[in-house]
Structure formats: structure tokens, C-alpha cells
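Colleague: Okay, predicted coordinates and the sequence, questions at the end:
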Amino acid sequence: MSVYVFGHRNPDSDSIIGAIALSYLKNQVENEEYIPVKQGDISAETAFILEKFGYADKEPALKTSVAGEKVYLVDSTDKPHFQDDIDEATIVGIVDHHKLGDIITSTPLEAWIRPIGSSNTVIYEMYRCYGVDVPKEIAGMMMLAILSDTVIFKSPTCTKVDTKAVKELAQIAGIEDYKQLAMEMFIVKSAVDGASARDLNTRDYKEFNMNSTKVGIGQLEMVDITVLEPREDELLEDMKKMKEENGLHTVLILLTDIMKEGSKLLVVSDDASKIEAAFNVKLENNKAWLKGVLSRKKQVVPFVQPQF
Ligand code: MG
Ligand code: MG
Ligand code: MG
């Protein structure tokens, strides 16, 4: 029986490349066939990575139902981030670098979870653990996935393990100026022309169950967030709609400026005072600047969660 390998909904590069890299590794060391799949459309950033390393025609297939299947999860352990029927699948393993979520299993599993910058760094460690060489193209893609998740090493989630992995993977991939390539990737990621407010709000969007209250948090990582200034009201209007449609208490969107190293927070909430308390800020027109905030998992979720 095959094992389907996939990351979270609204897949980012860590999810897609992680599924590809982990499947390749497992296929070298296990008898079962591991198949990388995705839960939704890939981003422009991920398309850039696949294209760059000759994987454009090997994009993982869509898999939105997993009842009765064997699965391996990448980049999350939060149930809302997976298929609606995830409870009916057999989870054989997890690779992640987030807080432990609410996934439970009925059978034994392997779990590779570390508080480091990227699931791809954890997967790189697995390659070393199993003594399997990383193919050149996969090394290049893993390198960019780590550089994306760590915001080119600027994120507070980035560790020495991540920088070392990037340097080693760059060598395998034959990439000299990996920071330059990563910057090209972030420019692709920053494109907003022609995107609707909903496209932007959901580009990297996750819902969290916070003590039985639903909170949605989206993030746009850009090289210059001022291009979105004329559209902030439109984004807020759409956040109100998302809140109603999905029965959420709060919707937060982070406009993260990777050069200025901070995020403009947009807030729509039944009780905005919770968000002001979480970050110790006063909102003006439902907005606040959060200096130094680059990471949703490390600088946003842990502060919002206790308010619920
Ligand atoms: Mg992710
Ligand atoms: Mg990740
Ligand atoms: Mg991210």
C-alpha cells in the first residue's frame, strides 16, 4: 500500500518541497512506495523553485481526501491544516517544526519534530541519519525552501542547524550565491499585481483552534509592503467577509516587510482588545506596526493563543 506524503493546506514551499524530498528519501530506504501530493494549488514562489531545478513537470498531484489511506504529514500537526477526513487515514509519520498540534493517532508512528527553521532542515537531517545522498536538484529545492521559511536567515526561527544545512545543500546543488537566488525568489513571492483581496489574504493563511475559538492568521512576506498601502482597506473589507463566512472570532493578516524586518498587522475581530493585549499595541484604523515581527509561529501564535 502506498504512503501519501503532504504538507498543510495553502501549501507553501516547505510543504511541497518537503513532500518531494521526504518521498525520495523514503523510497530509497523503505519497501512501500511514497508519493508526494499537495492539498491545494502551489504558490508562485514554489513554481519558481520547481522550475529552477527542473521539477516543473513533476509537481505533486492534488489529494483532498485521504480516508483509508496511509499518510505521512509534513510541516504541521494541526488538524485544521489537513483534509477534512484526516481522522480516517493512518498517519505513519510526521516531520515538522511547529508547536505540537491536535493530531492524534491510533497506531504507532515515527515523528521527527524539531524547533528549527524549516521542515526541510529536519528532512536534510533524516538524509544524513539514513546515509542517503541528496540528489542535486532536490538539494537545490530544499535549500530554497529553507531560505524561504527562514526569510534568508533573518527569522528568529532560524538556527545554526538551518544555516549549515543551506550551505551544505548549496554545495551539493552547485549554487554559489544562494542569497542572491533567494532574493530573486522573494521578489517572485512579492508580486501582487492582478491578485484579488481574497487571493492576497489567503496566499499563506492558516486557521487555528484556540481553546475552541477559531482564529485565522494570514501572512504576506514581501520585499516592500508599501505597494499594498492603497489596498489595505480592501484587504480589511475582505477579512470581514472571511470572518463571517468561516465563523471566526478573529482574522489577522500580517504584511511582513522582509527588508524593514517587521510586520504591519491588520485586524478584524469580535474583541480587538485581545489582540492589542497580545502585542501590547494600540490599533489605529484596525492596524498596528509590529517591529521585528517576521514569524507567525514564533512571534504571533504564542502571543495570541493565551488571550483565548
Ligand atoms: Mg509551512
Ligand atoms: Mg515550514
Ligand atoms: Mg512561512
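Modeller: Thanks, I have the structure now. Please read these numbers as outputs of a predicted model, since none were measured by experiment. Numbers count the residues shown, from 1 in each chain. Ligands and ions are numbered 1, 2, ... in the order given.
Colleague: Could you list the contact residues of the protein toward ligand 1?
Modeller: Within the chain, the positions adjacent to ligand 1 are 12, 14, 75 by C-beta under 5 Å from the ion. In this view, the C-beta of every residue, glycine as well, is placed from N, C-alpha and C.
Colleague: Cross-check these against ligand 2 and keep the overlap.
Modeller: 14, 75.
Colleague: What about the residues of the chain next to ligand 1, which are in helices?
Modeller: Asp14 (DSSP state H).
Colleague: Tell me the one of the residues of the chain next to ligand 1 nearest Phe186?
Modeller: Asp12 (13.0 Å; C-beta to C-beta).
Colleague: Could you find the closest non-adjacent residue to the closest one?
Modeller: Asp204 (6.0 Å; C-beta to C-beta, 6 or more residues apart in numbering).
Colleague: Wait, the one you found touches Ile217, no?
Modeller: No. With contact defined as C-beta atoms under 8 Å, Asp204 does not reach Ile217; the gap is 9.3 Å.
Colleague: give the contact list for Gly7.
Modeller: 14-16, 18-19, 38-39, 73-76, 119 (C-beta atoms under 8 Å, 6 or more residues apart in numbering).
Colleague: Go again with 6 Å.
Modeller: By C-beta atoms under 6 Å, 6 or more residues apart in numbering, Gly7 lies in contact with 15, 18-19, 74-75.
Colleague: top of the residues of the chain next to ligand 1 by neighbour count?
Modeller: Tallying neighbours with other C-beta atoms under 10 Å puts Asp14 at the head of these, with 30 neighbours.
Colleague: Look up how far Asn31 lies from that one.
Modeller: 27 Å (C-beta to C-beta, to the nearest Å).
Colleague: what's the answer for Lys70, then?
Modeller: Per C-beta to C-beta, Lys70 is found 13 Å from Asn31.
Colleague: Return the closest of the residues of the chain next to ligand 1 with respect to ligand 2.
Modeller: Asp14 (3.4 Å; C-beta to the ion).
Colleague: which residues touch stretch 285-292?
Modeller: Against stretch 285-292 from outside (C-beta under 6 Å, 6+ apart): 236, 262-267, 279, 281.
Colleague: could you redo the last one with a cut-off of 8 Å?
Modeller: Here stretch 285-292 has contacts from 232, 236, 254, 261-268, 272, 276, 279, 281-282, 299, using C-beta under 8 Å, 6+ apart.
Colleague: Outline the domain layout of the chain.
Modeller: Listed by automatic domain parsing, the domain ranges of the chain are 3-187, 197-307.
Colleague: could I get those domains as TSV with mean pLDDT?
Modeller: Formatted as TSV, the domains of the chain follow (pLDDT from 0 to 100):
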stretch	mean pLDDT
domain 3-187	97
domain 197-307	97
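Colleague: Which stretch among those is buried most, on average?
Modeller: Among those, domain 3-187 has the highest mean neighbour count (mean count of other C-beta atoms under 10 Å), at a mean of 19.
Colleague: Before I go, just wanted to say thanks for your time.
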